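[1] Attaching a predicted model along with its sequence, questions to come.
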Amino acid sequence: MNSELKNLLIIDIETVSVSSSFETLPENLRHHWERKALQLRNDDEKSASDLYFEKAGIYAEFGKIIVIAVGIFHEVEGEAALRVTSFQDHDEAKLLNAFKVFLETKFNQQHLKLCGHNGKEFDFPFLCRRMIVNEVPIPQALNLSGKKPWEVQHIDTMDLWKFGDKKNYTSLDLLTSLFNIDSSKSNIDGSQVNKVYYSENKGLTQIVNYCQGDVISTAQVYLKLKGLPAVKKDHITRVDQ
């Protein structure tokens, strides 16, 4: 297998607001959200309550993680293959602990590389912040404390595409379209995750499928950016934890 793919873990997370509505948010956090809402772009003049349901899930102070999907490269008949699995739980502490155990028991922490699309700005710091909130020790592979820049094994496909352009944001969907990568997404998108979670009796099936699809897309984009062949469809497997 290509050395670029060894010890590489593709990661994507799905997050929702920590409560189903602004009104059920713990009282000590409500006024903080009201202040946050004033800073958000709000052309439609939506209330703090409406903005909470729509946007709180992307802030670690007001959101929680419900799904973590991961992809691991391996080799099948001399070609790259991808195994995708996920962790999901309504109890965020249990979810994060299970993910921590996975990282620490399945991989050499010194050599493990984590890769996500916009992972450096969203997934990785969100994971760390929510681990602190839930009193889960941060695994070495995620923890930046005391590390020199060249010791941080975090890869971001959006950074790779930027080529140093600091102001440019490019979505994963756009890159898959640009590179003619087959979409692995389900029938929802990121903006609908909160609604699906809270309106469908906290159903996770659709969200897990969507999150795993993003992992597959990120893996294929990474390969494209590295000039490596895409993983064939029949070499992609989704397995239960």
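    Ah, there it is. Residues are numbered from 1 along each chain as shown.
[2] alpha carbons only for contacts and neighbour counts from here, please
    Noted.
[3] chain center to the longest strand along the chain, what's the gap?
    Secondary structure assigned by DSSP state E gives strand 63-76 as the longest strand of the chain. The chain centroid and the centroid of strand 63-76 are separated by 8 Å under Cα atoms, centre = their mean, to the nearest Å.
[4] list the buried ones in that strand?
    Residues of strand 63-76 classed as buried: Gly63, Lys64, Ile65, Ile66, Val67, Ile68, Ala69, Val70, Gly71, Ile72, Phe73, His74 (neighbour count, 16 or more other Cα atoms under 10 Å).
[5] Would you mind listing the residues in contact with the first one?
    With contacts defined as Cα atoms under 8 Å, 6 or more residues apart in numbering, the neighbours of Gly63 are Thr15, Val16, Ser17, Val18, Ser19, Ala56, Gly57.
[6] Surely the second one forms part of a strand?
    Think Val16. Yes: judged by DSSP: H, G, I helix; E, B strand; the rest coil, Val16 forms part of a strand.
[7] Helices along this structure, start to end?
    Secondary structure of the chain (DSSP state H): helices located at 27-39, 48-55, 92-106, 124-133, 157-162, 172-178, 193-199, 205-225.
[8] need these in TSV with distance to Lys233, mean pLDDT and mean neighbour count, can you?
    TSV is the format used below for the helices of the chain (distance: least, Cα to Cα, whole Å; pLDDT from 0 to 100; neighbours: other Cα atoms under 10 Å):
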stretch	distance to Lys233	mean pLDDT	mean neighbour count
helix 27-39	43	93	13
helix 48-55	34	93	19
helix 92-106	25	96	16
helix 124-133	28	98	18
helix 157-162	21	95	18
helix 172-178	15	94	14
helix 193-199	26	91	18
helix 205-225	10	95	23
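[9] Which of those sits closest to Trp150?
    Closest to Trp150 of the helices of the chain is helix 157-162 (Cα to Cα; 15.3 Å).
[10] Quick one: distance of stretch 43-57 to the chain centre.
    With Cα atoms, centre = their mean, you get 22 Å for stretch 43-57.
[11] what's the pLDDT at Asp43?
    With respect to pLDDT, Asp43 scores 75.
[12] What count of nearby residues applies to it?
    When neighbours are defined as other Cα atoms under 10 Å, Asp43 has 6 of them.
[13] farthest-separated two in the contacts of Gly63?
    The span of the contacts of Gly63, defined through Cα to Cα, is set by Thr15 and Ser19 at 11.5 Å.
[14] Of those two, which one has the most company?
    Between Thr15 and Ser19, counted using other Cα under 10 Å, the more crowded position is Thr15 (23 against 18).
[15] just checking, the more buried one touches Phe62?
    No: if you go by Cα atoms under 8 Å, Thr15 and Phe62 don't touch, sitting 10.1 Å apart.
[16] OK, contacts around Arg83?
    Gly71, Ile72, Phe73, His74, Ile236, Thr237, Arg238, Val239.
[17] The last one: neighbour count?
    So the one you mean is Val239. Using other Cα under 10 Å, Val239 has 9 neighbouring residues.
[18] I appreciate the help and will end here.
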